[in-house]
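# Okay, here's the prediction I keep looking at, along with the sequence it came from:
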Number of protein chains: 2
Amino acid sequence: MKKILVTGGLGFIGSHTVVELQNEGFEVVIIDDLSNTTLTVLDSITDITGIKPTFHKADVRIKSDIKAVFDAHDIDGVIHFAAFKAVGESIAKPLDYYENNLSSLIYILQEIRDRKLDNFIFSSSATVYGEPNHLPITENAPVKKAESVYGNTKKIGEEIIRDASKAYNINAIALRYFNPIGAHASAKIGELPLGVPQNLIPFVTQTAAGIREQLSVFGDDYPTEDGTAIRDYIHVVDLAKAHIAALKRLINKNNKESFEFFNIGTGKGTSVLEVINTFEKVNDLKLNYKIVGRRDGDVMSCYADTTIANKELNWKTEIGLDEALRSAWQWQQKQSV
Amino acid sequence: MKKILVTGGLGFIGSHTVVELQNEGFEVVIIDDLSNTTLTVLDSITDITGIKPTFHKADVRIKSDIKAVFDAHDIDGVIHFAAFKAVGESIAKPLDYYENNLSSLIYILQEIRDRKLDNFIFSSSATVYGEPNHLPITENAPVKKAESVYGNTKKIGEEIIRDASKAYNINAIALRYFNPIGAHASAKIGELPLGVPQNLIPFVTQTAAGIREQLSVFGDDYPTEDGTAIRDYIHVVDLAKAHIAALKRLINKNNKESFEFFNIGTGKGTSVLEVINTFEKVNDLKLNYKIVGRRDGDVMSCYADTTIANKELNWKTEIGLDEALRSAWQWQQKQSV
């Protein structure tokens, strides 16, 4: 049984991926510093899968914390989620983002190098494409100077992995996420932002629940059909399964490129207003929202060409927007109880 | 009297800059981990200037080491030299370079942020331009994905400073060095590579001194006049003086841009064979050299347009190639004694 280290394993994407890993028979060791989640997520994972993952409360910015976890386990692969992820905050607090997102990556890769390990998966982001020249975005699109510090840490992260992969022969995959939304069908795990949500869907569900008075739509003057920004919203369970597919590819590789990167999205672009309308329809409620100015660091339109990921990873999305927005609302309602 | 913290202050460029700082009446605090220099440089600086700088042996990769130095002094400005700098080694050891060159920068900027300090000067490099589209290179030339990890750490370093400068209002200048050579006229300080030199001039002088059997010229098949690569060789004392000019600009600023960057070179391109021929001529000796293949990470031709730096910094180079190569050889001969 392969033992997989998952950093940030109690976060939104991390927790869903841990569930899928355990469902597929992997043994999971989680590192999380609980800075943006709670320990109850560990119990929820255990409820869903019947297996309690090993958990270490550790700060990935601290080299000795990371080393101690590698000392304690024979790790067969690493999925590195732990990172700060709020676009707006990253512009206001760049040094926190550069430190947290880069140091952690460097220290983990150093352990992988020193122990001659392999099979590294990195949470990258579609933001590495910046404002794309062509849509949908293929993996061959140029990576640009990111519009936010958050995006820049992902771009730099990929460069560090590429260089490390080449120098030390580490087998690695970066998954460039589009916009993960939704929650597990059990409604036991989901997105759990501490404080004011930075992403659209949790703000939508919190507004619907009455926790937020009003949803702000950032910009309706983009040159899109309804003027609002377009994103590729992918159900988090579909996204989690992409990690299983990538992990299997790494483990079973046979003369493959040692560093690869894939778009993880649905291939379909949806505007903010379409999200709001769909959310209202499938959940039979009305949202209080207003149009406000554009937000620093946001691009107009961003959705994936998933041809390469679908083929090479033998993976595709299975859950649609309706179901994603239903599950998000179910999850939110459980929080409010 | 302004107190300036100089990281890597016992290195090649650092030590020459400390001398010029002291000559200009600044009080200097040096951090150096002695990984690529020796403590005797501190005595040499003291010999030249008559003033012993404060010295802390500290590792800039360790946050608490940096914090302790800031705790111990009221710092008015920082010149951050401390970094790994060998192009070839950076490709073989990328994680060492990313960790050392980025963590140190982030931690120092965090101290500057937390203490509301100002006046930060960063050792950047002409390598951020990659293979340039036009020569001479102006500051408006695009910054590219660097050909080496070393170069990438400088490019990323500038991005971190730009973002931090904007978010925290830190007044900063990056100096993009071309190729520093030569030694102080006293021959008391100079380039002191531990191990096999990675740069041309110390390899030249060590070959002349009989320490190295033969000088390797990396590539004579570049599309240049004599086929060897072209660089902009600047005397290290001229380079050191650019830091004084930049520091004065920062201290005296009045509604200036809070992050600026300048080319620090002579404006003149010189081929490797021209360097060898000039070295032989001015020092009246013969060098044993051979042509070998190109070296990973090297670009063909790189020399500065210094118009902006000359004007804005009110600074220009004063020492020519002949004198630079004479001083380098004088310095080398003192090492051999």
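The structure has been received and is ready for your questions. Numbering: from 1, shown residues only, chains lettered A, B, ... in the order given.
# what's the closest non-adjacent residue to residue A:185?
residue A:327 (6.4 Å; Cβ to Cβ, 6 or more residues apart in numbering or on different chains). All C-beta atoms are positioned from the backbone trio N, CA, C, and that covers glycine.
# in what helix or strand does the one you found lie?
Residue A:327 belongs to helix A:321-336 when elements are defined using DSSP states H and E.
# before we move on, what about residue A:217?
Going by DSSP H and E, residue A:217 is part of strand A:215-218.
# Format the CA atom coordinates belonging to that strand as PDB.
Extracted C-alpha coordinates of strand A:215-218, given in PDB (Å, rounded to 0.1, in the frame of the first residue of the first chain):
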ATOM      1  CA  LEU A 215     -23.000  39.400  -2.600                       C
ATOM      2  CA  SER A 216     -20.600  41.700  -4.500                       C
ATOM      3  CA  VAL A 217     -20.200  41.000  -8.200                       C
ATOM      4  CA  PHE A 218     -16.800  42.400  -9.200                       C
END
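# after that strand, next one along is what?
strand A:230-231.
# thinking again about what came up before, what's the strand holding residue A:217 packed up against?
Packing partners of strand A:215-218 (3 or more Cβ pairs under 8 Å, 6 or more residues apart in numbering or on different chains; DSSP states H and E): helix A:200-208, helix A:272-283, strand A:289-292.
# what's the most buried one of the ones you listed?
helix A:200-208 (a mean of 23; mean count of other Cβ atoms under 10 Å in any protein chain shown).
# thinking again about what came up before, for the helix holding residue A:327, give the mean pLDDT please.
Throughout helix A:321-336, pLDDT has a mean value of 94.
# which parts of the strand holding residue A:217 are buried?
For strand A:215-218, the neighbour count (16 or more other Cβ atoms under 10 Å in any protein chain shown) marks A:215, A:217-218 as buried.
# Residues touching it, excluding its own?
Outside strand A:215-218, the residues that touch it by Cβ atoms under 8 Å, 6 or more residues apart in numbering or on different chains are A:203-204, A:207, A:228-229, A:272-273, A:276, A:287-295, A:298.
# Neighbouring strands of that strand in the sheet, and parallel or not?
If you go by DSSP bridges, strand A:215-218 pairs up with strand A:289-292 (parallel).
# Could you export the least confident helix or strand in chain A by mean pLDDT as PDB, CA atoms only?
In chain A, the helix or strand scored least confidently by mean pLDDT, DSSP states H and E is helix A:87-92, which has a mean of 90. C-alpha atoms of helix A:87-92 as PDB (Å, rounded to 0.1, in the frame of the first residue of the first chain):
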ATOM      1  CA  VAL A  87      -5.800  36.800  -4.700                       C
ATOM      2  CA  GLY A  88      -6.700  40.100  -3.200                       C
ATOM      3  CA  GLU A  89      -4.900  39.400   0.100                       C
ATOM      4  CA  SER A  90      -1.800  38.300  -1.800                       C
ATOM      5  CA  ILE A  91      -1.400  41.800  -3.300                       C
ATOM      6  CA  ALA A  92      -1.700  43.400   0.100                       C
END
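# roughly how far is it from the heart of the chain?
The chain centroid and the centroid of helix A:87-92 are separated by 17 Å, computed with Cα atoms, centre = their mean, to the nearest Å.
# same question, stretch A:123-142
Counting by Cα atoms, centre = their mean, stretch A:123-142 comes out at 16 Å from the chain centroid.
# do stretch A:4-11 as well
Worked out by Cα atoms, centre = their mean, stretch A:4-11 lies 12 Å from the chain centre.
# How about stretch A:299-310?
Distance, centroid of stretch A:299-310 to centroid of chain: 15 Å (Cα atoms, centre = their mean).
# Stretch A:199-215 now?
With Cα atoms, centre = their mean, you get 20 Å for stretch A:199-215.
# Show me which of the buried residues of strand A:215-218 is closest to chain B.
Checking those against chain B by Cβ to the nearest Cβ gives residue A:218 as the nearest, at 19.9 Å.
# Tell me how far the spatially closest residue to residue A:290 that is not a sequence neighbour lies from chain B.
Nearest non-adjacent residue to residue A:290, counting by Cβ to Cβ, 6+ apart: residue A:214, 5.7 Å away. Distance, residue A:214 to chain B, using Cβ to the nearest Cβ, to the nearest Å: 28 Å.
# so residue A:214 makes contact with residue A:208?
No - Residue A:214 is beyond contact range of residue A:208, at 11.4 Å (criterion: Cβ atoms under 8 Å).
# gap between the longest helix along chain A and the chain center?
Determined from DSSP state H, the single longest helix within chain A is helix A:149-168. Distance of helix A:149-168 from its chain centroid, counting by Cα atoms, centre = their mean, is 16 Å.
# ditto for stretch A:272-279
Put simply, stretch A:272-279 sits 21 Å off its chain's centre (Cα atoms, centre = their mean).
# And for stretch A:174-181?
The answer for stretch A:174-181 is 5 Å, by Cα atoms, centre = their mean.
# now swap in stretch A:183-202 and tell me
Worked out by Cα atoms, centre = their mean, stretch A:183-202 lies 12 Å from the chain centre.
# quick check, residue A:240 in a helix?
Yes - under DSSP: H, G, I helix; E, B strand; the rest coil, residue A:240 falls within a helix.
# Count the neighbours of it for me.
21 (other Cβ atoms under 10 Å in any protein chain shown).
# Give me the pLDDT for it.
Taking residue A:240 on its own, its pLDDT is 98.
# before we move on, what about residue A:42?
Residue A:42 is given a pLDDT of 98.
# Over to it. Which of the three states is it?
helix.
# What distance do you get for it to chain B?
Computed with Cβ to the nearest Cβ, the distance linking residue A:42 and chain B is 29 Å.
# residue contacts, the closest residue to that residue other than its chain neighbours?
Nearest residue to residue A:42, sequence neighbours excluded (Cβ to Cβ, 6+ apart): residue A:55, at 5.5 Å. By Cβ under 8 Å, 6+ apart, the residues touching residue A:55 are A:9-10, A:29-30, A:32, A:39, A:42.
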